[in-house]
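Sharing a model that was predicted from the sequence below.
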Amino acid sequence: MKENCGDIMRISLDLELKDMPGQLIGALEPISEFGANVISIVHIREEERVRSGKTHVHFVVDVESIDVIERIATELGSRDIKIVKLGEAIRKRRVGVLIIGHVVDTDLRDTIDRINELSGVMVSDMSLSMPKPEKESSALFDIELAEKANQKDVLDRLCEIAREKNLEVIRSLEV
Amino acid sequence: MKIQIIGFGVIGQGFLRVLLKKKEELEMAGEDIKIVSITDISGTAYNDKGIDFEKALETVKNSGRIIDYPEARKISGLEAIEEIDADLVLELTPSNIKTGEPGLSHMLAAMKAGKHLVTSNKAPLALKFKKLVETAEKNGVEFRYEATVGGAMPIINLARETLSADRILSIEGILNGTTNYILTRMTQEGAEFEHVLKEAQQLGYAETDPTYDIGGIDTASKLVILANALMGMNATYKDVKTHGITRITPEAIKLARESGYVIKLIGEVKNGILEVAPRLVQVSHPLNVGGALNVAMLTCDIAGEITVAGKGAGAIETNSAILSDIISITGRR
């Protein structure tokens, strides 16, 4: 069972690793151990660095607080891995919204698009449950709200969609 | 303290049973509580020296009507309030959210007659809270209603007395035991809503007409009382955006669970907005209580978040709140 809600920070880190086998695993271990969620990894191989036996790897991770990054940095340091660049933390909130009704038949893609239209709002994940065709389905959206997102707009948009499509919208307490 | 009971159903009869149970403790504490009249739809039993509790309970058990108690008269609740000498009226008639009657008329009459008022009847407060409070103040009587919200769960007196230094910024909670029982069973067993509702009715957790519970009306009434009593609002039942639980499915509950949530019917008052709706509550959240329990979280400006939980209904449990209100009044005399 995952817990998929609350405030999160998205942050990028550029790490300098020795260009040899096993280094990437050595960098990933503390990232995983301290609970950061890896969003992307880009391995940047530049000729000049490779000649000097180094390579850069660009990570984007989600963490619950800046403390987590500090703990990761300390552990990386002990493994002789340098953070050469730390991006600005982008704060987001993750909230859950459950929709009950004929969610697929009422154009699920349209429902998601209309939520994503809102500034700073993104449906980042979705689970769907479809029992028998005549019964109502359920979809649970994980929605990321950037700091600039207007919570009232999100609520109004959800109410509008619910009214038009005869859907039951169940929000998490954070919304 | 001479008390009149208006309404002698489950809660009224439970009150007498609690007084019998607590007889010695009340005597040792110097509490002299005398029930001088009991009124139900059939009439009023009256004795200025005090009604015999066991006889009253036996009468109603046998015939279902208080008029069959010796010395009973065919007078209504309003007539009993006007004619009988008493210090306090305990108003326990059924809640009618459309009109608030007959409870509203009983309450106003009692206070205008200079009698203190204690009640578990929500509807009059959800419709005319301000008028009731003003009538109490104008007539210099106490008006207490802890039993209208949360049954045995202490919330109104907790906030007003123990948290008196705090300003309440928001309130959210599970205020209806029937819907909590249904949603808990659906979560635990993966059962369909209709099936669990039927069982709840058979077990006495839900009424024959469960609309007030599953439609969110009961929660909405209680939310209005809390908003007015604890946050100084002037809301009525019509101000609450209300959704019930009838569309919740086992599949929805399972999806929620896989993402770390349970579904609960939550009443919330925040930023001047009152809403009752099913909400996703994180499994680890203090508001995730099961069975038929009630729970409320108050967000206070100094104390932060305070959470209370307890049994929200039941003849004996609700009377914990009623007796506590009566003792508070006798203590102030």
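Cool, got the structure.

the residue most distant from the middle of chain B, which is it?
Taking CA atoms, centre = their mean as the measure, the residue most remote from the mean C-alpha position of chain B is B:E258, 35.0 Å away.

Ramachandran coordinates for it?
Backbone torsions of B:E258, given as degrees, to the nearest 10, read phi -70, psi -20.

Then B:P70?
The phi/psi pair for B:P70 (degrees, to the nearest 10) is phi -60, psi 140.

Show me what the longest helix that chain A contains is in contact with.
Among the segments of chain A that qualify as a helix by DSSP state H, the longest is helix A:151-165. Helix A:151-165 is contacted from outside by A:97, A:99, A:101-102, A:106-107, A:111, A:114-115, A:117-119, A:121, A:143, A:145, A:167-169, A:171, A:175, using CB atoms under 8 Å, 6 or more residues apart in numbering or on different chains. Just so you know, the C-beta spots here come from the backbone N, C-alpha and C atoms, and that holds for glycine as well.

again, only this time at 6 Å
Contacts to helix A:151-165, defined as CB atoms under 6 Å, 6 or more residues apart in numbering or on different chains, come from residues A:106, A:111, A:118, A:121, A:169.

Could you check how far that helix is from the centre of its chain?
23 Å (CA atoms, centre = their mean, to the nearest Å).

Whichever helix or strand comes after it pairs with which strands, and in what direction?
Counting by DSSP states H and E, the next helix or strand C-terminal to helix A:151-165 is strand A:168-171. Paired neighbours of strand A:168-171 in the sheet (DSSP bridges): strand A:90-101 (antiparallel).

hang on, the earlier thing: mind listing what's buried along the longest helix of chain A?
For helix A:151-165, a neighbour-count test (16 or more other CB atoms under 10 Å in any protein chain shown) marks A:154, A:157-158, A:161-162, A:165 as buried.

Over to stretch B:163-176?
By neighbour count with 16+ other CB under 10 Å, stretch B:163-176 contains the buried residues B:163, B:166, B:168, B:170-176.

Out of the residues you listed, which sit inside strands?
B:168, B:170-174 (DSSP state E).

Could you dump those residues into TSV with distance to B:K74 and pLDDT added?
As requested, those are arranged in TSV below (distance: CB to CB, whole Å; pLDDT from 0 to 100):
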residue	distance to B:K74	pLDDT
B:I168	46	95
B:S170	49	96
B:I171	44	96
B:E172	47	97
B:G173	43	96
B:I174	42	97
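
Rebuild these as JSON lines, extending it with distance to B:T299.
Output for those, formatted as JSON lines (distance: CB to CB, whole Å):
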{"residue": "B:I168", "distance to B:T299": "7"}
{"residue": "B:S170", "distance to B:T299": "5"}
{"residue": "B:I171", "distance to B:T299": "8"}
{"residue": "B:E172", "distance to B:T299": "8"}
{"residue": "B:G173", "distance to B:T299": "11"}
{"residue": "B:I174", "distance to B:T299": "16"}
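
I'd like to know which of those residues is nearest to chain A.
Of all those, B:E172 has the smallest distance to chain A: 7.0 Å, by CB to the nearest CB.

Now that closest one: closest residue in space that isn't a chain neighbour?
B:E268 (4.1 Å; CB to CB, 6 or more residues apart in numbering or on different chains).

What count of nearby residues applies to the one you found?
For B:E268, the tally of surrounding residues (other CB atoms under 10 Å in any protein chain shown) stands at 21.

Please apply the same query to B:L57.
A count of neighbours around B:L57, defined by other CB under 10 Å, yields 17.

quick revisit: most surrounded residue in the contacts of helix A:151-165?
Most neighbours among those, by other CB under 10 Å: A:T111, with 25 neighbours.

Which residues of the stretch 201-333 of chain B lie near chain A?
Neighbours of chain A within the stretch 201-333 of chain B, by CB under 6 Å from any CB of the partner chain: B:247, B:251-252, B:255-256, B:259-261, B:278-281.

Kindly recompute the last result at 10 Å.
Within the stretch 201-333 of chain B, the positions adjacent to chain A are B:241, B:243, B:245-261, B:263-264, B:266, B:268, B:271, B:277-285, B:287, B:297 by CB under 10 Å from any CB of the partner chain.

Out of those, which end up buried?
For these, a neighbour count by 16+ other CB under 10 Å gives the buried set as B:243, B:245, B:247-256, B:259-261, B:263-264, B:266, B:268, B:277-282, B:285, B:287, B:297.
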